[in-house]
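**Student:** Just need the structure, nothing else, for what follows:
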Amino acid sequence: MKTRQLGNLTVSAIGLGCMGMSEFYGKSDDKESIEVLHQALYSGITLFDTADAYGRGHNEELVGKALKSVRDKVIIASKFGIVRDTEIPSINASPSYARACCEASLKRLNMDYIDLYYLHRFDPHVPIEDTVGALAELVQEGKIRHIGLSEVPADVLRRAHAVHPITAIQSEYSLMSRLVETNGILQTCRELNIGLVAYSPLCRALLNDIFKIENIQGARYSPQLMQAYNMEK
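**Tutor:** Presented below is the predicted three-dimensional model:
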């Protein structure tokens, strides 16, 4: 497996997004999911991506159970900021919430630290400087090792990086979703030596037979491409 640099963090060129092992993409089975996680590691994948919002904590517990025994061989990425305590999710990036979420994630993962900890979504009600400042404190305490952001504008990324080096930004990027090429994110990442982690690179199952229209809610696929897909079907 080839490797890539996210800032100064070395990871496998291909990472495994674990969200679907808990919800969203059809039925899942913990035993089968653990087998997939182990096979991914055997195949050379070292980057495993989860979040506290995936399965409302279940996904972190699953990843921790599967990978705890090989902790020194893997890079664990998790996220906080999406609040799912009601039917309609909300965003919270306050410093106190960041700390509380990190502690809870460490407990669910049953690990002493998280390699790459993302703010899952930008909170317009909390200055990014405050959020990253809190995450920087967690770095100093050894609870996280690298800071990431997910789906933030380029100007917010620059402001965040001025407070503490941002290792990676996670954004949707695929043959069908190309926004990072036009919104300044790719250019900013190149300028600041920030890694780009592409999520949904396979177009949210659009390219295989398990695709469901609900998979693309919120996706940035153009009407023309969706029309072409429907015509093919």
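
**Student:** Surely residue 28 is in a helix?
**Tutor:** No. Read with DSSP: H, G, I helix; E, B strand; the rest coil, residue 28 is coil and lies in no helix.

**Student:** Could you pull out the strands in this protein for me?
**Tutor:** Applying DSSP state E to the chain gives strands spanning 3-6, 9-12, 16-17, 47-49, 75-80, 82-83, 90-91, 114-119, 144-150, 168-172, 195-199.

**Student:** centre of the chain versus the last one, how much separation?
**Tutor:** Mean-position distance between strand 195-199 and its chain equals 8 Å (C-alpha atoms, centre = their mean, to the nearest Å).

**Student:** And the fourth one, by the same measure?
**Tutor:** Its chain's average C-alpha position is 8 Å from that of strand 47-49, according to C-alpha atoms, centre = their mean.

**Student:** Just give me how far stretch 146-162 sits from the chain centre.
**Tutor:** 14 Å.

**Student:** buried residues in that stretch?
**Tutor:** Judged by neighbour count (16 or more other C-beta atoms under 10 Å), stretch 146-162 contains these buried residues: 146-152, 154, 156-158, 160-161. Using the backbone N, CA and C atoms, a C-beta is placed for each residue, glycine as well.

**Student:** Likewise for stretch 20-36?
**Tutor:** Neighbour counts using 16+ other C-beta under 10 Å place 20-22, 25, 28, 33-34, 36 of stretch 20-36 among the buried residues.

**Student:** State the pair within these that is farthest apart.
**Tutor:** With C-beta to C-beta as the measure, no two of the buried residues of stretch 20-36 lie farther apart than 25 and 34, at 17.0 Å.

**Student:** Now do stretch 182-198: everything it contacts.
**Tutor:** 4-7, 9, 15, 49, 77, 148, 153-155, 157-158, 161, 166-174, 179-180 (C-beta atoms under 8 Å, 6 or more residues apart in numbering).

**Student:** The residues you listed, buried ones only, as a ChimeraX selection?
**Tutor:** This is how ChimeraX selects the buried members of these, with burial counted by 16+ other C-beta under 10 Å:
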select :6,7,9,15,49,77,148,154,157,158,161,166,167,168,169,170,171,172,173,174,180
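
**Student:** ends of stretch 114-125, how far apart?
**Tutor:** 26 Å (C-alpha to C-alpha, to the nearest Å).

**Student:** now do stretch 118-130
**Tutor:** Stretch 118-130 has an end-to-end distance of 14 Å (criterion: C-alpha to C-alpha).

**Student:** Same question for that stretch: list its buried residues.
**Tutor:** Buried residues in stretch 118-130, counted by 16+ other C-beta under 10 Å: 118-123, 126, 128.
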